[in-house]
Each structure stands twice: as C-alpha cells, then as structure tokens.
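# got a predicted model here, sequence first, then my questions.
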Amino acid sequence: MPAACDPYETLASVVQAGEARSSNPRTRPRNLGRCRIQRLRADPQQEDPVKFLHTADWQIGMRVAHAGEAAARVREERLAAARRVVGEARAAGAEFILLAGDTFEDNGVDRVLVQRVADILAEFAGPVYVIPGNHDPLVPGSVWEHPAWRQGAGAPEGGGDARPAGVQLLTEEKPVPLQGGVLFPCPIRTKHSGKDPTAWIPPREGNVREENGIRIGLAHGTVEGVHQEEPDYPIPRNAALRAGLDYLALGHWHSTTTYTSPDGAIRAAYSGTHETTRFGERDSGNALIVEIAGAGATPVITPVRTGRLAWIVFEAELREPGDLPRLRARIEALGDAAATLLEVRATGLLAAADQDELARIEEIIASRFLHGRVDVSQLRPFPGDESWTAGLPVGVVRDAAERLRQLADPAYEGVRPEGASFEVASRALRELYALSAAAGAGEARR
Amino acid sequence: MILRTIRVQGWRCFADAVQVGPFGDGLNVLHAPNATGKSTLFEALLRGLLDGHRVTGRDVEALRPWGRVLAPTVTVEFAHDGADYRLTKRFLDRPTAELERRERGRFARLAEGDAADDRVRQLLTHNPPGRGLARPENRGLAQVLWVPQGELALPGLSGDVVARIRESLGAQVSGPGSGPLEEAIEDVYLAIYTPGGQLRRGKDAPPLVRLRDRLTQTRTARTHARAQYEVFEQASRKVEDLRARRAQARRNEEEITRTLAEARRQAESFKALLSEKRAREEQVKAADATHRALKQQIGHIKAARDELGVIGETLQRALAETPQLAREVSEREVAAAKSQSALEDARRGRDGIEKARREAEDARRYVESSEKAKAAGELLSRISEAAAALDRSRKARIELLAPDDKTMRAIRRAAKARDDAQVRLDAALITLEIVPEEQGAVEVVVGEDTGRRTLVPGRPTIVKGTPEVVVNLPGVARLRARGPAASADEIRQERDAAARRVEELTRGFGTSDPDALESLREKARDLDKRVAEATAQIETLLSGRSFGEVETELTRVMADVEEILKHRPLWRKALPDAVALRASAEGIERSFITVVEKAEVEWQSAQAALAAARGRLAAIEVQVTEGNRRTEALRARLDDLASDGKKDDQREADLRRAAMAWEAATAGLDDIATRVNAFGGDPSEAAATLERQLEAVRNEATRALEEEKSEEGRLQHLSAAGPYSALVSAEEEVARLEDEIAREELGANAIRLLHDTVAQCRSEALAAVAGPVEAAATRYFHRIAGGGLGRVQIGQAFEPEGVRPGIADSSVAIQDLSGGEKEQIHLATRLALADVLAKDERQLVVLDDVLTATDAGRLARVLPVLAEAAERLQVLVLTCHPERYRGLEGARFFDLEAILRDSATRS
C-alpha cells in the first residue's frame, strides 16, 4: 500500500476500476486493479488551497435501451443529477467545476437540452470549465455552437466580479490561468483518435517548490491498461507525473476510478458519470470534490453521491416452492422504488402453485417501480408437480398438459413441434394452468 | 331413448291437441302432405326434451298458433334405460315442466320445473343449454340421431357427443368438464388466431398484430430519423471540410500574396534595369558612331592619299608604254592578213570531199539496187514456177473423178449391205455340190441357173436353188434337194437394192469396187494437197504482196540502176567497190579538216594577238584618261576631308579618345545586361500570373466561404431539429415495441402450442376410434351406392370429410361429390354413429324428409339398410312420399292427415 494511504481516513468504498463506459461494451476495461480513494489532510504549510468539483460523462440526451416507457424519465433524471452536481459544488465551497467531456451523448441532441444544461451550469457562481468529449466533439454543428455557450453563460450582469465567471468552454490546448494555478485543457475534436490528448501539456519547469501554482489537467480518454482493440484517446498511466500535474481530471469511463502516482498520491481520477446509465454499471453516479493545498501537495479527493436512480438486477434461481415469496419480499424491501429500475431474471423451477406469486411479483414491479422487467423465459415447470394437472379433465387436455410438461423440459430429447421451445412450452403450461383455474373458478361459481 | 307418443297443443299449426303414436320399437313412417305439421312435431319433440320450460323470446313466441293466445304445450312419452317416462312442458304462459315415470303401470311424478328440465337433458346431452334456447351443440345425441329437414349433413359434433361416441367405442377422449376447458382454449386461441391458424386482423386483431403494425411504422420513423441523423453528420463533416478548404485557400492566398509582392518588386527592378540598359545602349551607339566617324575620316584621308600615289605611278607607266604598243598593233595586223589568206586557201579543198562522197554514195546505191533487182527477179521466177505447178495440180485434180469422203462412206455402207444380203441369200439357197468321178453332164431342172452343165471329173459342180434344186444326171439319177423354206426373194431384193445403190453411188467413177474407189479417193486427196502446198508457197514468196507489186518494185529498182549508170557507165561492166569508195571519201574529208583546222587556228591566233595588242593600247589610253580624272576627284575629296583644319596627329588623338569612351559605355552596358539576364525573364509576367492566381484563390476562398455559410445554415437547421434525440426516441420506441412484441409473441406462441397440442392429442385419440366408425359408415355407403367411391373418411368430430376411391392416390372432398352422394354418405355416417351410440340401449333415429336428392334406385337400396338398422334402432321417418317406404317390411305407418281428422272429429 502506498505511504500516502491512511487507512484511518479512508472514506470511499473500494471500486472496481473501469467497469462501464458509454461506448462499445466490448472495449470496457477489465480489472484495472483495486485502489482506494482517500481523504488526506492538506499540507498545513501550503497556503490558499484550491478546491473544485470534478465531474464528467453526463451523457445528456442518451438513449436508454430496454427501459420501456421509463426512458424519458431516465433522461430527465440525468438533468436532475446535473443540478445536484452543481449543488454539491456549491455546498462544498468549490471554486470551480471541471467537466471532463461527454456532457452530451451526441452533438445531435435536442437543442432544448443544450440550453437546459447551460442553464444548470450557470447556476454555479464560479467558473465551470468544460471540454468537449468524444461523444460531443468540437466539430461543426456541435452542441458547442449553441448560443448558450457564448460570452461565458452565467456571468454576473455588469461583470463586476473580477474572476472568470460562468461556463468556460475550452476549445484550445492552451493553458488557462486559475486562481493559484493553471488549467491544461485537452478538448476533443473527433469521435475517434489514437492520439494522447494530454501529450501537449508541457512539463513543469523548475521544481515544485519554486513554482507556486498548482497544475491541473482536464482530459477525456482511456488510461493505459484497458484492453482495447484500437487505441481510444490513450492516456499514459503516468500522464500526471510526466506533465507535472497536481491532478488530472479524467472523463470517458463511467465508473469512479483513481490512479495512484509513484509518490503515493492520487493524481489522476475518473469521476465517473454523475448518474448511472445502465444495468450492471458499478460505482457510478458520483462526482469528486478535490482539494489541493498547493503545488505538489497531495490532492484530497472526496466522492459525493449525485446519482439518484438505482439500476438493480436480481438474478433469482428458484429451486423449490416458496422461493418466489422470498423473492417478492426482497423486491418489496427495496427502497425508493419510484427511482429504481429493476430487472428480475428468474431461472430454475416454477411450481404450479407459485404462478400466482409470480403474477403478483409482476404486478408489484409494474405498479411501483420506475421500470421493471421479469424475465421468466428460463423458468421451467417443477418436475413431479402434478398437483394441478391431476385436476385437469381426463382425456385430451390432460394428455396435452403432459406433453407440454415434457416440452417444457430443456433436456427433452424428443422431437419438438415447430416453435415449441421450452420457453414457449413453459408459458403454454402457465396459460393452461390459468385457464383451468378460471374454469375451476367458474365451475365453483356455478 | 325410445319415443312412444308425442302430443302437442297450441303449437304452431296445432292449435288443438293432437297425439301421434304409439310408435313401434322398429321402423315408423309418419307421412303427410307438405305443411301438415310433420316438422312441427319434430320441433316440439326437440324443444320439449331440450329447452327449459321458462325460455322466452321471439323464437318461442313464434310457437304460438297464429292469431291465438295459446301456451305451446308438448307431452312426450318415451322409454329410457328400461323405464317409461312422460314429459309435459308448457311454454310462455305459466310455463311448467313435469316429468313422470311409469311406476307400477301408471305414471308417477318424478320431477317438475327446472329439475324436470335437467333430468331430461341429462338423458340426451352433457352439454345442456343455459337459460336460453337449445342450440345445435346442446342437442347431445340428437345431433347424430335426429335429422331435421334439410339438415342431413352432419356437422362437427360437440365435445360431449364426441366423448360419448368414443366412450361407447371404448376409448376415453375427454372426461367430464373437458368441454368447457377445451372451449376456453379454443376461445383464447380464436381471440388471437383465425380458424385457419393466421393471426386475426381487423378490429378483432390481437395486440400482437397492432404492435407489429406499430413497430413497422416506428421502424420507418427510425429509418427516417437515422437518415436525418446521417444527413446531420454529413453536413457537419462537410462544413469541416469546407472550413479546411477555406483555411487552405487562405493559406494559399497569403503565400501567393507574399510571392506576388516579391514578384512586383522584382518587376520594378527589372523595369529600371531595362530603362538603364536602353540609355547605356544609346551611349554605346553614340560613342561607336563618333569613333567610327573619326576612324572613317582618317581612313578616307589616308586612302585618298594612297590612291593618288598609285594613280600617279600608273599614269607614268602608261605614257611610257603607249608607243611600243602602237607598233605591236601594226605588226599584228600584217600577220593577221596572212593567216586569213592561208585559211581561205585551205577551205577551197571542200569540193573534192563532196565529189568523193557522191561517188561513194552512188556506188552504194548501185550495188544495193543491183542486188534488189536480182532478188526480185529470182522471186518472180520462183513464183512463176510455183504458179505453174499449181496450175498442173489443179488441172489434174479437175480431171480426176473420185468420190468425196461422204460419198465414199455411203458407198461402203451400200456395198456392205449388198454383201450381207448376198451372204444371207447364199445361206437361204439349197446348194447341191456334185463331184463327178467321170466326165458327164448334168441338167439343172430346178435351180438358180437351169440348163445343162458339163461335169468334169474331180471338179465340183454346184447347183443352187430355192425352195428346191432338181437335177437330172442322165443315166444316173434325178436328184431333188429340198430345204427349209426361206424368204430368199426378199433377201434377193435387199441385195439387188443394195447393189443398185452401189451402182448409183459409183456411177461415173468407172468402177464400183470400193477399194478402187478408195484408191481414187486417195489420189484426189494427194492432188488437193499439192494445190494447197503450191498456193501456200506462192503466198509465202509474195509475203503479203501482190505479184504486180513485186513486178513494180523490180521496175523501180532497175530504173535506179539505169539512172546511176548514166553517170557511171563504167560500172555496167564491173560493179564498183562501194566500201573502198566510201573509205576514200572519208580519208579526203579527214585531210581537209586537218588542213582547215590548222589554218583556222593560225588565223584565230593572229586575230587574238591583234585584238590583244589593240586592247592593251586602248586600255593604256583609257587608263591615262581615267587616271587624270581620278586624280582630280581625289584631290577634291582630300580637300573636303581635311576641311576640319586638323592635323593628322590631332585626328589620331581624337580617335583614341572616342575608342576609350566607347569601351567604357560598352562595359557599363554589359554589366546591366548581366543583371537583366540574371532575372531569367520578365518578372512582371510572373507577377501577372501570380495576380491571376491570387484572384483565383480569392474567388475560391469566397466560394468556399459562401458554401460554408450556406452549409452552416443548413447544419444549424439540422442540428436545431435534434436529430440524435429524434433517433433515440425512435430507437427506444422500437426497442420497447420489440420487447412488448416478444412478450406477446411468447404468449401467442404458447396459446398456439397449447391449442395445437390439444388438437394433436384429440386427433391422435380420435384416430384410434374413428376407424370403426369409418368402417361401418363405409359398409352402409357401399350397400347404398356401391364400392366405387371407396372408403368414407370422417373427421375429428366424426363429420364426413370425403371418400378415398381405391383407384385414386388422394382423397375426394365431400364438397366435390354429387348432392345424392353427399346425403347418402351423411346418412351412412349417421347410421354408423347411431350404431355406436345404441350399443347399450336402443335409440331413436328421426329422419325428417331426408334423401331428397337420392334417386329411386339408390333409395330402394336404402330401405333394406333402414330395415336392418331398425333391428337395433327405433327409426322414425317423416315424409310426404309414403309410397317410397311402402316396401319396408314391419314398418308402422302413421298418416298425420288422418290423425288430424280423427282428432278434429273427436273434438
């Protein structure tokens, strides 16, 4: 463990680096190793510490696949999360905000969204430094040509404040003076590139002590170590060290991830997306509050939760009657269902008597949750469960039930009629069960 | 169930009570004309047994007799499972139902109201109707056994009946309660699919269909959105390209502008240099002119002085030479006169040459003419000889009479014919050859040549004749020789004709012998040949000329000879030697030429020397004159050239100064020329080219800017539409619909699988029991219609589907059979099913006016079938043609008309 890691002040959970990114899932990084996000005390000898909020990958206007009618709500939540990011920055007393690319999912998003994002950012009193990412690169017709970005949106009327205020869209690789330091922006101009966007940052001249200002990089790309078929804005793992940066704010990958320098300090980090974008995306929905006491000081990084939506997957294997009620209990125990997207993947065996329970679960999910789906395609009838087939009328119906039961067994080796997969056969059995139950109820009523 | 009696009252046409029965257990025929009420009775039977007594509605109201307010009432007595029952139902007005059972000889009430309804229904069906009227599927066994008018065709039977049939056949298809569940399965299936297995369309279409339609529309929208998005991206790239193009144009413009400025500066320098160069060239020209003028002046003065000196010397020499040249001219004139005289003497020898030439020519002509005259004479002599020979040959040919080739061939043919006839005549004659041993005589009595002939010992004497030869040998015998008769006379005539022909052809030739004639012919040919040869010789000698022309030529040549001889008489005696004379003449000519040429040379030499002397003298005189004139001119020119008043050294000094000035100007000019050449051309041209390039680049930049602005406007318009958001919206909708469709498809497929599996199980179960029914139906059908149509095939609900003829590979649908065959198959199937259903208990079969399309022949075969069936079934035939069934033995006939009359009478 690096010397700078103080176990007593560890506050962030252990994260798995690089779990999800907004582009091709095949190029996701695999196991970048484990690290810890730590709160470290600022050097008391340094003066005028700099505090800012690091966020990225808002992906505003993104497509939400397989969320059904909740897609619009999910998109709206990303804007709400953006407001929370600004609120967190304000609450933490951040002097500025760094937005490290992919603010928008695409340059072709609705212009109303552009204006809304600009308005949200303008709510922050200090400057907001934004660079285009690979999803919203600086190209003709991009979102950055929208009038909302001109003249530093959000600047106080009359320009009474001497410091730069409002949104600063950084479109050139030129150092930007900060209060107490320099920002090195690395804007993106194409969707794909094999070039290191941080390569232009000049190394620090002289030693750290002689140069008072802190140096912060703002880039969008892939830190080395992630297996990819093609280079995707590769950023060397030692980019911060090479460029003499005190901190390198990264965007592109959606999980919160940090990188420790040889001096034991964390000098590069992905803040991750501010609101989770999909099922299976871990350690997302965060922003990072970064405090740097001075040049060469160890950054103090504090993750703050900005996401609200929960993307939960329950993989329930049903083994015996009664498993479904337990599953229902778990589902009902989930908090804030209205902000939860739930996917239940039920596998295993389904007893006839549990079919009503399954229907109940489906009703609960459909009625309470923001979005939910119960995948029962891998369920098959409980073998030996003759409790209800025995009650079927003797003859063709019972014969048919028995035949469907055979077809519902994935291991069935007989000839299957066309389209009679075990999923279809299982469903057919469920339908027969429902019809016989209704007929029984009707009989009882008579 | 066996029907005993039926009694109706207040029922359609039966306002009053009427009762029919009791029916027999076997065959019963209820007959009456149309509209008498047979089918009404059947209807009353069905309603009484199956409908609840409290049913209401228009259909039930219609049961009342027209114009009457009567409650339809029916009473049915029947036997079932060994017991007799009586059911009485009253509909509409105070409806009642009462079921009685015969107990100990009389009917006792068994049930009433709804209970009575249910009890009776249970006897017939497991699928009773609800509160409404009984539909066909509620009729139970009656679906098979009771056939209303016009409904012989057997429909698909309800599940309970099918189950009953199968149960009767010993196979379990569906137990109690299966019907509703199967119906439910069918209902959910038909809510999604058509009976044909297709998804339902239209207003009853399942959600899956609507979702698919919507998905199709959404996919179209997605395609459009994607296209819009791609247009947006392309526009972005285009603007990027245009910006790059404009930036490049701007860089090009800057570069060209820089280059142009340099080019303009160069052009200015070049222009200044050219101007300076022209000034220097003027300076060089001026210096050169000055130098030249001075140099020329000095040169001219010197030349004039030199020339004056030379002319002075020449004048002195000429004046000194003049006397001597005058003397030489005189001497040359004398020598020339002498050579002139010698030449004239030599030329006078030319006459001798002419004389010798003429003599030589005459000699040549004389010799030549003499030879020609000799040759012409010889030719004329040979021509004369040839002409004489020709005359002789012609004369001999004229005198010789010989046949020509054609005549000769005719003669030979005629002679041959004559000789052939003679041979055949000889063969036709009887020949008697007598070779005497002693001298004697013979007298030819009959033969060719009759008369006496002398016989010479040893010499044969031949006698010929025809048809016989008779000779007398005096003292010896009379000999008669006969031969076969032949036409000797005809042959003889032929021979004589041929002989006459020969004579005619040879007349005038002096002989008729062909060989002699051939000899004459050869001789004539020889003469002809000679004539031809002589003629050819003459023509050859004349060589195309006439004889007169040859003679004229000879005359002319002889005249030439005589003419020459007039001047050269000596040549008459001896021919001159023309060659020698010619050589002599040529020698004389050569000598003459030699002498004349020599004299001419000498004369010419003398003349030339004289002319030369005269020329020299004249030249000296001219030289003197010209020298004097030139001297004066030169002196005047010298005066003019030296008019500047300078001395020669002063002029030389001026000349040196002018040369130095010229050299300085030339050096300056070379320097400028070198600088001009260093440009390698006029830089102003390059500048002009650059200006044009600059203009083109600026135009390009302007166009790029305009296009960029235009494309930016378009891009702004496209981006304002939010193409990605639109695409996202469409894609999400597509994904949502696809998910929903997948769920619906799973459900629909599950329903289909459930339905098909049930159908498959039913089909398999029915296949096990349909065989016996098919076999029985086939037997009945074959008895009625014969075996030509093969086996009857029935469906899952025991409905006839068709037949399978033995000679056909496939089945024939029942729809494709004739009307009569259809109803016979249905009847056969119903009877087969009735057999099954009546296995445990005799059942009532009602046939209401069926077999209307069956002809009399097949109907006759139906009757025994019915009679046989009546052994196991109670058969009630309702008909308006009782005569058709009169042949049925044991049948009980009921005349409804008579019954009605009796009822009326009784009432």
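Yep, it's here.
# mean pLDDT per helix and strand in chain A: which one sits at the bottom?
Sorting the helices and strands of chain A by mean pLDDT, DSSP states H and E puts strand A:15-16 at the bottom, at a mean of 30.
# do a quick rundown of the helices in chain A.
Along chain A, counting by DSSP state H, helices occupy A:71-92, A:111-122, A:239-242, A:323-333, A:355-368, A:396-407, A:422-445.
# tell me which of those helices is the most buried.
Among the helices of chain A, helix A:396-407 has the highest mean neighbour count (mean count of other CB atoms under 10 Å in any protein chain shown), at a mean of 23. (Each C-beta comes from the backbone N, C-alpha and C, glycine too.)
# CA atoms only for that helix, dumped as CSV, please.
Coordinates of each C-alpha in helix A:396-407 appear next as CSV, following Å, rounded to 0.1, in the frame of the first residue of the first chain:
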residue,chain,number,x,y,z
VAL,A,396,-57.0,-34.8,-24.4
VAL,A,397,-56.5,-31.8,-22.1
ARG,A,398,-54.6,-33.9,-19.5
ASP,A,399,-52.7,-35.6,-22.3
ALA,A,400,-51.8,-32.2,-23.7
ALA,A,401,-50.7,-30.9,-20.3
GLU,A,402,-48.4,-33.9,-20.0
ARG,A,403,-47.0,-33.3,-23.4
LEU,A,404,-46.4,-29.7,-22.7
ARG,A,405,-44.6,-30.6,-19.5
GLN,A,406,-42.2,-32.8,-21.5
LEU,A,407,-41.6,-30.0,-24.0
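# tell me what angle it forms with helix A:422-445.
Between helix A:396-407 and helix A:422-445, the angle comes out at 150 degrees (axes from the mean of the first three to the mean of the last three CA atoms, to 10 degrees).
# one step back: to residue A:386, which of the helices of chain A lies closest?
helix A:396-407 (8.9 Å; CB to CB).
# tell me who's in contact with residue A:197.
A:186-188, A:219-221, A:233, A:235 (CB atoms under 8 Å, 6 or more residues apart in numbering or on different chains).
# for residue B:757, find the nearest of the helices of chain A.
When the helices of chain A are compared by CB to CB, helix A:396-407 sits nearest residue B:757, at 4.3 Å.
# read off the pLDDT value for the spatially most central residue of chain A.
Closest to where the C-alpha atoms of chain A average out (CA atoms, centre = their mean) is residue A:276, at 2.8 Å. You'll see residue A:276 listed with a pLDDT of 96.
# just to check, it is in contact with residue A:308?
No: look at residue A:276 against residue A:308 with CB atoms under 8 Å: they stay out of range, at 9.2 Å.
# what number of residues lie near residue 264?
In the absence of a named chain, this looks at chain A. Counted with other CB atoms under 10 Å in any protein chain shown, the neighbours of residue A:264 add up to 15.
# wrong one, chain B
Using other CB under 10 Å, the number of residues around residue B:264 comes to 17.
# chain neighbours aside, what residue packs nearest to it?
Spatial nearest neighbour of residue B:264, chain neighbours left out: residue B:687 (5.1 Å); criterion: CB to CB, 6 or more residues apart in numbering or on different chains.
# ok, the one you found touching residue B:263?
Yes: with contact defined as CB under 8 Å, residue B:687 and residue B:263 form a contacting pair (3.9 Å).
# before we move on, back to that, what residues do residue A:276 and residue A:308 have in common as contacts?
Residues touching both residue A:276 and residue A:308 comprise residue A:285, with contact defined as CB under 8 Å, 6+ apart.
# how close does residue A:365 sit to chain B?
Distance, residue A:365 to chain B, by CB to the nearest CB, to the nearest Å: 14 Å.
# name the residues of the strand or helix carrying residue B:186 that are buried.
Assigned by DSSP states H and E, residue B:186 belongs to helix B:178-192. Of all the residues in helix B:178-192, those buried under the rule 16 or more other CB atoms under 10 Å in any protein chain shown are B:178-185, B:188-189, B:192.
# okay if I get these as CSV plus distance to residue B:894?
Output for those, formatted as CSV (distance: CB to CB, whole Å):
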residue, distance to residue B:894
B:178, 40
B:179, 37
B:180, 40
B:181, 44
B:182, 41
B:183, 40
B:184, 45
B:185, 46
B:188, 49
B:189, 47
B:192, 52
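# figure out how far stretch B:438-455 is from the centre of its chain.
Distance of stretch B:438-455 from the chain centroid (CA atoms, centre = their mean, to the nearest Å) equals 108 Å.
# for that stretch, which outside residues touch it?
Under the criterion CB under 8 Å, 6+ apart, residues B:429, B:432, B:434, B:436, B:456-457, B:461, B:463-466, B:468-474, B:476, B:478, B:480 lie in contact with stretch B:438-455.
# rerun at 6 Å
Residues outside stretch B:438-455 that contact it (CB atoms under 6 Å, 6 or more residues apart in numbering or on different chains) are B:436, B:457, B:461, B:463-465, B:468-473.
# quick one: which of these sit in strands?
Of these, the ones assigned to strands by DSSP state E are B:461, B:463-465, B:468-473.
# leaving out chain neighbours, which residue sits closest to residue B:686?
Nearest residue to residue B:686 in three dimensions, chain neighbours excluded: residue B:263, at 5.0 Å (CB to CB, 6+ apart).
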